[in-house]
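A.B. asks: here is a sequence together with a model predicted from it:
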4 protein chains.
Amino acid sequence: MIGAYLPGNSTTELREAPVPEPGHGEVLLRMKASTICGSDIRCIYHEHLGKGPEGYQGVIAGHEPSGLIVKTGPGCRRFSEGDRVIVYHISGCGLCNDCRRGYMISCTSAKYRRAYGWQRDGGMAEFLLAEEKDLIHLPGELSYADGAQVACGFGTVYEGLRKIGISGDDAVLITGLGPVGLATAALCRKLGAQRIFGIDVVVERMKLAKDLGLCDEVLASGADNVDQVRKLTGGFGVERAVDCSANDAARATAIRATRKWGRIVFLGEGGRVEFNPSPDIIHDQKTIFGSWVTSTWLMEELVERLVRWNLHPADLVTHRFALDKAGEAYALMASGRCGKVAVCFDEEIR
Amino acid sequence: MIGAYLPGNSTTELREAPVPEPGHGEVLLRMKASTICGSDIRCIYHEHLGKGPEGYQGVIAGHEPSGLIVKTGPGCRRFSEGDRVIVYHISGCGLCNDCRRGYMISCTSAKYRRAYGWQRDGGMAEFLLAEEKDLIHLPGELSYADGAQVACGFGTVYEGLRKIGISGDDAVLITGLGPVGLATAALCRKLGAQRIFGIDVVVERMKLAKDLGLCDEVLASGADNVDQVRKLTGGFGVERAVDCSANDAARATAIRATRKWGRIVFLGEGGRVEFNPSPDIIHDQKTIFGSWVTSTWLMEELVERLVRWNLHPADLVTHRFALDKAGEAYALMASGRCGKVAVCFDEEIR
Amino acid sequence: MIGAYLPGNSTTELREAPVPEPGHGEVLLRMKASTICGSDIRCIYHEHLGKGPEGYQGVIAGHEPSGLIVKTGPGCRRFSEGDRVIVYHISGCGLCNDCRRGYMISCTSAKYRRAYGWQRDGGMAEFLLAEEKDLIHLPGELSYADGAQVACGFGTVYEGLRKIGISGDDAVLITGLGPVGLATAALCRKLGAQRIFGIDVVVERMKLAKDLGLCDEVLASGADNVDQVRKLTGGFGVERAVDCSANDAARATAIRATRKWGRIVFLGEGGRVEFNPSPDIIHDQKTIFGSWVTSTWLMEELVERLVRWNLHPADLVTHRFALDKAGEAYALMASGRCGKVAVCFDEEIR
Amino acid sequence: MIGAYLPGNSTTELREAPVPEPGHGEVLLRMKASTICGSDIRCIYHEHLGKGPEGYQGVIAGHEPSGLIVKTGPGCRRFSEGDRVIVYHISGCGLCNDCRRGYMISCTSAKYRRAYGWQRDGGMAEFLLAEEKDLIHLPGELSYADGAQVACGFGTVYEGLRKIGISGDDAVLITGLGPVGLATAALCRKLGAQRIFGIDVVVERMKLAKDLGLCDEVLASGADNVDQVRKLTGGFGVERAVDCSANDAARATAIRATRKWGRIVFLGEGGRVEFNPSPDIIHDQKTIFGSWVTSTWLMEELVERLVRWNLHPADLVTHRFALDKAGEAYALMASGRCGKVAVCFDEEIR
């Protein structure tokens, strides 16, 4: 079979690799959709940053895979041939305390924790070998491209929103309107958020958030954002804020534009933040949550909700490529002139 | 001025009473809307049940008042002449631990705790004397009839829903579709509930809940309600249930139709409940909340939300009467052949 | 090897069985301590009650096992020969939503959910075959008899106490002072409970709770228990209550003796409960939690805490028997004239 | 009567002032104990910093007063002559949303929000005029010097600890061992904290924390504090951290020395904080709470607990002065060579 590799010099290599054979507790997937994450571009595509759990080990790329089980190894208990599935993007040991909570993302086993597409072969190939314990059923109501978005993007957002709680009681501010920010807006809508405000620096992203009807108001990033949000909320600020930007100033804005007793969650990765605790969180009794990815079981609950809500994450996919055009896919994503970019197979190419 | 009294023999008496003069920290309201609560019928109209905090002390009836401040006594700090206000229906001492939390409903002062319309003159008169600390601002976007419904009905519901949490994650079951059940449905909608199911025994109420678009499905009360709800929810049961019926069987249904890890809140007053802890709550890790009325500060937050949601509690009022027809109003409410019944004044009669 | 079986006629049979061979992801334990649970007596020893997940399928008894790994099958990732371990008493499929949360107790797989000692061979034998995913490390500071108590008893209690929260802020009432009630008292002490009150009907149990210093006050079960608890708490009632009795009246006492805004958790299995929602939970804003067993990951956290607290669950073991005296062990436990009863091996017999 | 004023040049002035007469809802206190807060030194004593709610308006100083009611004005409902009381240090309007929650500290009324000792006469005088709504009963088990410490210091700490939850499950790190840090340690002990670690720069403070038995380990502030705390906690870090230092580096230490899923609360006022969200809070799923003072009702609950715990805040008072030595009291507090400093009257001078 063919697989796409990222040598770390802003190119993509297609190479031949043997079709793997599922061992005990493993399955072989016919890949259907594999989306590109911002972290792939930042940490692998341009250069190979990071080590250990952050390091790229020369494997087939793609950590947002969704596909069809075509073969199961011995010992599989829940999934079988013909099942449509999403793959939780980190394969943990399954036995440490973090894995037992369902958070394989923070598996503490140096030996067994391996992210698909980073330390073990990922979804940018015709077939993928996955562990059964990493699989989530993909219901018929959702496409594979929907499924590919659940693992890393929507799952991460859902976890953060669960931590701070979102309902019709809340106006929500989202700083950063990339794929994660748009996913936040889409989920806040379905959770019932009363109003949704977005902030970004890129005009195209701001436009997309409006065009998709995901934000009620979109603001250009600037020094007066806090005042603007206050004005939009009767002087109070929003009840909830979600940072998807990883930008220092935007994080401070998220904190400061939040109302007394409000909650802020940080999802965007990297960088720093600086603020003044007394006016920014102490006097207004605010709380700041860190949130990382999600658990397998909450990801299952999210999939159930997506069906109930008739919400299709693939609506955020703006470009689809066949595997032999993977190079173009990564290049486009690296350019930033797009929404979400997917490598697709079979019926998912359209 | 004229006031309506309830002698306890299923009649209403109109009597002359002096217009009161506001003392320190008190205001005089020109009454605009005063709705009738189920508890007025149950505990006062037909006979005088209850003692102490539950006892009717021969005062002007009406514990859901809303009006216009026409005069303020000395020492008022926040409210002034011309303000439109809602009255929190229990005037507590303001100083005990319960009052300091804002829950005057459970004021522990035997001397100072007095419910409007039960132990101190209520809203069924041309004027009402109220303590400033019992007032909630009524914004221009809401009518007095909206306001009259906030204090007792919608406030009680909002408190219960805050305790269990309602968002787009949740399908909700409501047992009992009287005014409190309908208020529950209306608030669940605005909080984002994914689906809303109602159960009642009265055909008219079931029809009303459907006609107002407040419930997605309405079920006739029966032995197979749990199965029916399971069927409507993919076999799982609802994430949240709210009992507004005070009926033993309905309470058990609310518990049993709730999903693993779900939450149930009891709002309906009186009666008993019986269930089997192991299958009903232990094995499914469920939680049952008791919830009573609300606090002054949460009532203010509810009013803010009603405006943001453009939700008008008065939509549940089916009949309006002038004060001189108060007898007809109580008789109609006692008959049950109605939604909410209001005695109105001036611009609220229409 | 020899194993103990329960034919269901209040006797115990010792029979020869082959020493099992660990397969993929399995380990073989040299048994060290295996305690008897009240549910073994109630549902298996006297007669075979229950079906499905509650049914006894003629296997070697004992669902509270602790031992030493003497052999590992292929594919084991975390545990190895020579490790001292506790066995989570229910072996779930490991893949359903409940198992993924760590709650194998409520595994939804009809095929793979099997309780040790009920549907698969348990700890009343010289060796035990267990799945690696069911194991918890037993630190050197704890004995095997300590470990045997963690799985079913202390774990169940810890989960319940986590749900309601216990700290120095709280006086706690425990209804039922059997092994689960005593474990509750022991854990409440370490969590910092300000005062601990116990209620039971059996004089010996009441004495044990006092002698072990686990309760500050022990009351004989009676109609005036609520008043007694109120008197002990300045008229308020306790902040938290834990029912370990499964008795209807005791459950109502637990609810009624709890203070305004307090929390009650039901741990005791079976029976029913009846109460009056308005005075019992609504007017005092109380919450009742159902809680079942615990998760593998919380059990690990409990083990860590036992070491930090220097708390030894085996202090509740009053009688130890060798395997060939298993019959006497079950008969004693059935008599009720004892604390916790253990079948022990090697160094654990003393 | 004599009162102490702070002209803002590091001196104290004693001046004659008339004994006030209580009006409606007011009481006159015979002062018994009045402690000095760090904020008095920082914002008033050396110079007059701050404006509005932070501004000193030339009044009698002292915002931590406790005394005996010697006269009540008309309209008092709960307190009467002869009652021993604590004064909540901010007199709010009593009617805005914040006051209705009990948080007069954040009263939104520009006209009525006045801190004792800052914008209205405080406790450094023979008599104090207070509003009845600002009073907390001081039980006979506590001294006036105990009471003086409750309002500002212990109340602020208790609120923060309630937000993050402290029990025997938790090891706690306290950064900053001034009066607020020591109060934190004392309350954590009573809440059941498993271990308590403190960090400070001042040798005397470190010694005091050890000598009073309030901390299990005290560390000198330094670059390796995070490693030290990890070593003390089996590599994990503490479950909870409380910053009482307001120091940027110490705040970062509090965040970084906290364990996965842990909670941090910021109590110390002023300054800034800077950290790296990904490693510091996102990947470890941590939460940072801001917390400001407390509510009147939680302060009452704290007083109840102090009695139940036999905890005496006055144990932290190292020096007592009569009113005519107020100058020495402030000078000593400004020097930092002391614990808590109190101006006392009558039986409290000893």
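C.D. replies: Thanks, I have the structure now.
A.B. asks: and the stretch 101-250 of chain A, which residues reach chain C?
C.D. replies: For the stretch 101-250 of chain A, the residues in contact with chain C (Cβ under 8 Å from any Cβ of the partner chain) are A:101-102, A:109, A:111-112, A:132-133. (C-beta placed from N, C-alpha, C; glycine too.)
A.B. asks: and A:Glu13, how many neighbours does it have?
C.D. replies: 13 (other Cβ atoms under 10 Å in any protein chain shown).
A.B. asks: got it, and A:Ser295?
C.D. replies: 21.
A.B. asks: what does A:Gly82 give?
C.D. replies: Other residues close to A:Gly82 by other Cβ under 10 Å number 9.
A.B. asks: same question for the one 3 residues further on.
C.D. replies: Applying the criterion other Cβ under 10 Å, we find 23 residues in the vicinity of A:Val85.
A.B. asks: what do you get for the one 3 residues further on?
C.D. replies: When neighbours are defined as other Cβ under 10 Å, A:Tyr88 has 31 of them.
A.B. asks: for the closest residue to it other than its chain neighbours, what are phi and psi?
C.D. replies: Excluding the flanking residues, the one nearest A:Tyr88 by Cβ to Cβ, 6 or more residues apart in numbering or on different chains is A:Asp134, at 4.6 Å. Reported as degrees, to the nearest 10, the phi and psi values for A:Asp134 are phi -90, psi 0.
A.B. asks: between the two ends of stretch A:35-49, how far is it?
C.D. replies: End-to-end distance of stretch A:35-49 (Cα to Cα, to the nearest Å): 20 Å.
A.B. asks: quick check: mean pLDDT of it?
C.D. replies: Stretch A:35-49 shows a mean pLDDT of 91.
A.B. asks: A:Leu49 should be in a helix, yeah?
C.D. replies: No: assessed with DSSP: H, G, I helix; E, B strand; the rest coil, A:Leu49 is coil; it does not lie in a helix.
A.B. asks: nearest spatial neighbour of it, chain-adjacent residues omitted?
C.D. replies: Leaving aside its chain neighbours, A:Leu49 sits nearest to A:Cys43 (4.5 Å; criterion: Cβ to Cβ, 6+ apart).
A.B. asks: mind listing what the residue in the stretch 201-350 of chain A that chain B sits nearest to touches?
C.D. replies: Nearest residue of the stretch 201-350 of chain A to chain B, counting by Cβ to the nearest Cβ: A:Arg308, 5.6 Å away. Residues counted as contacts of A:Arg308 (Cβ atoms under 8 Å, 6 or more residues apart in numbering or on different chains) are B:171, B:194-195.
A.B. asks: go again with 6 Å.
C.D. replies: Contacts for A:Arg308 (Cβ atoms under 6 Å, 6 or more residues apart in numbering or on different chains) come out as B:Gln194.
A.B. asks: can you pull the pLDDT of it?
C.D. replies: Listed pLDDT for A:Arg308 reads 98.
A.B. asks: over to A:Glu54?
C.D. replies: 78.
A.B. asks: grab the nearest non-local neighbour of it.
C.D. replies: Closest to A:Glu54 by Cβ to Cβ, 6+ apart is A:Cys43, at 6.6 Å.
A.B. asks: isn't that neighbour up against A:Gly55?
C.D. replies: No: between A:Cys43 and A:Gly55 there is no contact under Cβ atoms under 6 Å: 8.7 Å.
A.B. asks: more neighbours: which of those two?
C.D. replies: A:Cys43 (21 against 15).
A.B. asks: ok but the more buried one is inside a helix, no?
C.D. replies: Yes: assessed with three-state DSSP, A:Cys43 lies in a helix.
A.B. asks: mind checking how far it is from A:Ala61?
C.D. replies: Separation of A:Cys43 from A:Ala61 (Cβ to Cβ, to the nearest Å): 11 Å.
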